[in-house]
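J.: Quick one: sequence plus predicted model below, questions after.
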Amino acid sequence: MKVTFWGAAGQVTGSMHQITLDNGYQILLDCGMNYEQKRELNERAFSFPFNPVDIDLVILTHAHIDHSGNIPTLVQEGYKGHIICTPATADLASHLLFDSANIQLDEYKSRLGRASKTKRHLVPKPIYTDKSVAKAMEQLFTLPFNKKFQVNEDTSIELIEAGHLLGAASVVIETTKNGEKVRIGFTGDLGRSHAELIRTPTPMANLDYLITETTYGGRNHVSSERAENELLQFIDETIRIRGRLVIPAFSVGRTQSIVHVLNKLNKKGLLPPVKVFVDSPLAVKSTHTYEKYPELLNADSAAFLKEHGNLFDFDELHWIQDYDDHEKLMGYTDSCIIISAAGMVEGGRIQEHVKNNIQNPFSTILIAGFCAEGTLGHRLLLGQQEIGIKGRNYRVYAKICRTDVFSSHPDKDEIFNYIMACNQSRLKKVFLVHGDPENLSAMKETLEAGQLKATVEIPEYADSYSL
């Protein structure tokens, strides 16, 4: 029995880990898009180092594209088995993957239009289309949390609440080796304790091996403020000088948390009289999913929904879906709050809003989550005085700020506490993935100093380990 790491090994994105059981049964944990390779759309970002036909089962931990985004390619190249996930993940993944196909098509058309006639044949075509997404969606098989599912006579799986995103799961694979039970746990992406909207992650019990995300393994989140207090401070400081608060946010997860906090502030009479625009068609589609699964909300959010009838809507909130409405928003000059995707400011409508406000000293651009190295969001956080956007350079006069209160990943202490909660007598080895080298090394040092008895490994791409 072995595990092979094909993605998110020594980096944050592209989650994909292959479990090969002694009887030859092969399980793929996630099948995500590799953003580190996808700075430019290219074949290598979507290729596989194994034959998709040989995979027997895919388990999708959650809907985010760096965990789900290569599933249509896998199906397109011959995978015919089930893709197991929770019902909420199935709904959100459908929205995200169709959006991914449309983005690829738009990028293709844009590049084709810019290319000379003699070079149009060199423009890379979309890796997959909405037809491949639809076919992949037919192979989804949903499971609720905490219910064992027997995949064959020797092996069962169980999905455990991960807390990172609505429906996000960790997975326990239990199999038999030499007559004894072996339990392998994969966290997927974990959430924070006391997050907005969703519940705290549940540790996995009685593991022999643990594969865990380590996005913030070397740092603690700096904010000690409640989300309402910190967001209100940024709003007051910006609106007071009649500026615009621009918040890059992922359409699924981050946007809903921010809008829910704004709704709470509004219900308490604390939100200033200012228009709030959510400029993301994907966010509009995904937001309704949160109210479809009230049983997955944390106690505070469930109580809020019961009292007010909705989690998000208030009078000053405007959902922007049509491109014509987006164009009108681009000409809106009054003070306002704009929430738009993508969170790392890589593509999407947010780049236009950043471009529109980056030279306005009265505006604030609030980075509310992780930004991978090399992304526009990361360059903004570095404090660069000039930023290139779509071939043009812009001087940075806007205020660039960062907040951790909406982070959907646990920090160093939370990761350590989670691993130690899984650290029961039988745990033999912990694999640290989904983090950059600095954060991975820092978490390894913390665990080894914290008297973890299990061996800690930091796998690199294509590394295989016998279990």
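T.: Looks like it arrived, so ask away. Residues are numbered from 1 along each chain as shown.
J.: ranges for the helices of the stretch 251-400 of the chain?
T.: 254-267, 281-292, 299-308, 323-330, 350-357, 376-381 (DSSP state H, counting those that start in this stretch).
J.: so which of those helices is the most packed in?
T.: Mean neighbour count (mean count of other C-beta atoms under 10 Å) peaks for helix 254-267 among the helices of the stretch 251-400 of the chain, with a mean of 22. Glycine gets a C-beta too; all of them are placed from N, C-alpha and C.
J.: next one: that one to chain centre, how far?
T.: Here helix 254-267 is found 19 Å from its chain centre; the criterion is C-alpha atoms, centre = their mean, to the nearest Å.
J.: what packs against it?
T.: helix 227-239, strand 275-279, helix 281-292, helix 299-308, strand 317-320, strand 336-340 (3 or more C-beta pairs under 8 Å, 6 or more residues apart in numbering; DSSP states H and E).
J.: Other residues contacting the longest one?
T.: Identification of contacts with helix 227-239 by C-beta atoms under 8 Å, 6 or more residues apart in numbering yields 196, 223, 225, 244-245, 257-258, 261-262, 264-265, 270-272, 274, 335, 337, 362-364, 366, 399, 401, 403, 405-406.
J.: what's the spacing between the residue nearest to Gly377 when sequence neighbours are not counted and Asn360?
T.: Distances taken as C-beta to C-beta, 6 or more residues apart in numbering place Cys371 nearest to Gly377, at 3.5 Å, with adjacent residues excluded. According to C-beta to C-beta, to the nearest Å, Cys371 stands 21 Å off from Asn360.
J.: Give me the secondary structure label for Ile157.
T.: Applying DSSP: H, G, I helix; E, B strand; the rest coil to Ile157 yields a three-state assignment of strand.
J.: Might you report the residue contacts of it?
T.: Per C-beta under 8 Å, 6+ apart, neighbours of Ile157: 59, 84, 143, 148-149, 151, 171-174.
J.: what residues go with each domain of this protein?
T.: Using automatic domain parsing, the domain ranges for the chain come out as 2-219+408-466, 227-402.
J.: Now tabulate those domains in CSV and tack on mean pLDDT.
T.: Shown next, in CSV, are those (pLDDT from 0 to 100):
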stretch, mean pLDDT
domain 2-219+408-466, 92
domain 227-402, 92
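J.: closest one to Lys131 among the helices of the stretch 251-400 of the chain?
T.: Closest to Lys131 of the helices of the stretch 251-400 of the chain is helix 281-292 (C-beta to C-beta; 19.2 Å).
J.: Can you name the residues that contact Gly69?
T.: Shown in contact with Gly69 (C-beta under 8 Å, 6+ apart): 31-33, 96-97, 100.
J.: do you know how far it is from Asn34?
T.: From Gly69 over to Asn34 (counting by C-beta to C-beta), the distance is 9 Å.
J.: buried ones in the biggest strand by length in the chain?
T.: Taking DSSP state E as the criterion, the chain has its longest strand at strand 169-177. Across strand 169-177, burial judged by 16 or more other C-beta atoms under 10 Å covers 169-175.
J.: Tell me which two of the residues you listed sit farthest apart.
T.: Ala169 and Thr175 (18.3 Å).
J.: before we move on, back to that, which one of the helices of the stretch 251-400 of the chain lies closest to Pro437?
T.: Taking C-beta to C-beta, helix 376-381 is the member of those nearest to Pro437, at 15.7 Å.
J.: what's the closest one in contact with?
T.: With contact meaning C-beta under 8 Å, 6+ apart, helix 376-381 is reached by 248, 343-346, 351, 354, 365, 367, 371-372, 387, 389, 396, 400, 402.
J.: Weed out the non-buried ones from those.
T.: With neighbours counted by 16+ other C-beta under 10 Å, the contacts of helix 376-381 contain buried members at 248, 343-346, 351, 354, 365, 367, 371-372, 387, 396, 400.
J.: ok, these vs Tyr108, which is closest?
T.: Nearest to Tyr108 out of the buried ones among the contacts of helix 376-381 is Glu346 (C-beta to C-beta; 17.3 Å).
J.: can you name the farthest residue from the center of this protein?
T.: Taking C-alpha atoms, centre = their mean, the residue of the chain most remote from its mean C-alpha position is Thr118, at 39.0 Å.
J.: Quick check: the residue nearest the centre of the chain vs Phe362, distance?
T.: With distances taken as C-alpha atoms, centre = their mean, His64 lies nearest the centre of the chain, 4.2 Å away. His64 is 34 Å from Phe362, where distance means C-beta to C-beta.
J.: same thing with Gly347?
T.: Using C-beta to C-beta, Gly347 is found at 26 Å from Phe362.
J.: just Asp236 next, same as before
T.: Separation of Asp236 from Phe362 (C-beta to C-beta) stands at 14 Å.
J.: So which of those two has more stuff around it?
T.: For Asp236 versus Phe362, the count of surrounding residues by other C-beta atoms under 10 Å is larger for Phe362: 16 against 13.
J.: doesn't the residue farthest from the centre of the chain fall inside a helix?
T.: Yes - counting by three-state DSSP, Thr118 is found in a helix.
J.: how about the helices of the stretch 101-250 of the chain, start to end?
T.: With helices called from DSSP H, counting those that start in this stretch, the stretch 101-250 of the chain shows them at 130-138, 227-239.
J.: is it possible to export the ones you listed to a markdown table including distance to Thr155?
T.: Shown next, in a markdown table, are these (distance: least, C-beta to C-beta, whole Å):
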| stretch | distance to Thr155 |
| --- | --- |
| helix 130-138 | 23 |
| helix 227-239 | 41 |
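J.: what's the most buried one of those helices?
T.: When the helices of the stretch 101-250 of the chain are scored by mean count of other C-beta under 10 Å, the highest mean neighbour count falls to helix 227-239 (a mean of 18).
J.: so the residue nearest to Gly377 makes contact with Ile365?
T.: No - when contacts are counted by C-beta atoms under 8 Å, Cys371 is not listed as touching Ile365 (11.7 Å).
J.: quick one: Glu228 from Ile235, how far?
T.: Distance, Glu228 to Ile235, by C-beta to C-beta: 10 Å.
J.: meant to ask about Gln385
T.: Distance check for Gln385 against Ile235: by C-beta to C-beta, it reads 26 Å.
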